[in-house]
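1. Sequence first, predicted coordinates after that:
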Amino acid sequence: MGLDWNPAGKPRPGHEAEFWRLFDALGQDSCPDLEAKQQRFHEIAISAFETLRAPRIGIDPEATEWARQRYSEQKAEKPLEAWLADLHGIYVVPLVRPCDGVPRYTNGSVTGYVEPYSFRAQFLVDAEYILGTDLLNEGWEHKRPAQLRAHGLALRKAAITYGRQHGIEVLAIKDPEDPDTVEFHLDVILAASRWCLFWAAHGHPLEAYW
């Protein structure tokens, strides 16, 4: 499946101490009372959906219309209204205004195993020659917002340093398509950096998922 980065929820006001205790506990290899802790964690968390203000099917007209347009594409057996009822409340991230928190490099889809706000960090594996092994390996670790910001800055520094050493205008790279080129790898690193900085600035920690 490979590595994906998700922005975990951030604490609701008044629940900060409990939130971070649960965040640390859930990040351990073994966590007693896992289901109860996960449920409580979500109860006291502000989700990435909320931070992005993603519209919801059956609640926001633009999201409902988005779902209607996909009904015919899905060739669903259920009548339209029943199909929409099943999707009621689903967040539609693709309708969010473009931002660094919804990346180009993603394996996400609406109701997929990860959402479109996730970053496909597995792409960074091919850029190890730019990042170095230590920085690459840090991508498999959960991070609090301050750590996520530091990681984002380290990624940016690695890309720019490599570009200077090899005469590449890193910040001028624009949506490369060939995944086997150094330009593609540098663009992935910069996109990963922007993603980290976006979510860190909004107070969200990183959940590394693989």
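-> Yep, that arrived. Numbers count the residues shown, from 1 in each chain.

2. Could you pull up the residues touching residue 193?
-> Counting by C-beta atoms under 8 Å, 6 or more residues apart in numbering, residue 193 touches 152-153, 155-156, 159. Placement of C-beta: from N, CA and C, glycine included.

3. I figured residue 80 hits residue 71, correct?
-> Yes. Contact status for residue 80 versus residue 71: in contact at 5.4 Å, counting by C-beta atoms under 8 Å.

4. most neighbours, which of the contacts of residue 193?
-> In terms of neighbours by other C-beta atoms under 10 Å, those top out with residue 155 at 28 neighbours.

5. Need the nearest residue in space to that one, chain neighbours excluded.
-> residue 193 (4.0 Å; C-beta to C-beta, 6 or more residues apart in numbering).

6. Surely that neighbour is in a helix?
-> Yes. When DSSP: H, G, I helix; E, B strand; the rest coil is applied, residue 193 is found to be in a helix.

7. okay, it: pLDDT?
-> Here the pLDDT value assigned to residue 193 is 98.

8. Comparing residue 80 and residue 71, which residue is more hemmed in?
-> Neighbours per residue, other C-beta under 10 Å: of residue 80 and residue 71, the larger number sits with residue 71, 16 against 12.

9. who's in contact with that one?
-> Counting by C-beta under 8 Å, 6+ apart, residue 71 makes contact with 80, 83-84.

10. just checking, which of the contacts of residue 193 belong to strands?
-> If you go by DSSP state E, the contacts of residue 193 have nothing in strands.

11. and residue 21, how many neighbours does it have?
-> Residue 21 has 12 neighbours, counted by other C-beta under 10 Å.

12. Packing partners of the helix or strand where it lies?
-> In this assignment (DSSP states H and E), residue 21 forms part of helix 16-26. Contacts defined by 3 or more C-beta pairs under 8 Å, 6 or more residues apart in numbering; DSSP states H and E place helix 16-26 against strand 10-11, helix 34-43.

13. so how far is stretch 13-32 from its chain's centroid?
-> Centre-to-centre, stretch 13-32 and its host chain are 20 Å apart (C-alpha atoms, centre = their mean, to the nearest Å).

14. Report the contact partners of the spatially most central residue of the chain.
-> By C-alpha atoms, centre = their mean, the chain has its centre lying nearest to residue 118, at 2.4 Å. Residue 118 makes contacts with 4-6, 103, 106-108, 209, as judged by C-beta under 8 Å, 6+ apart.

15. Now rank the residues you listed by neighbours and give me the top one.
-> With neighbours taken as other C-beta under 10 Å, the top of the contacts of residue 118 is residue 5, carrying 30 neighbours.

16. Buried by neighbour count: which residues of stretch 130-139 qualify?
-> Buried residues in stretch 130-139, counting neighbours by 16 or more other C-beta atoms under 10 Å, are found at 130-131, 135-136, 138-139.

17. May I have the phi/psi pair for the residue lying closest to residue 59 once chain neighbours are set aside?
-> Among residues not flanking residue 59 along the chain, residue 89 sits closest, at 6.7 Å (C-beta to C-beta, 6+ apart). Main-chain torsions, residue 89, degrees, to the nearest 10: phi 90, psi -10.
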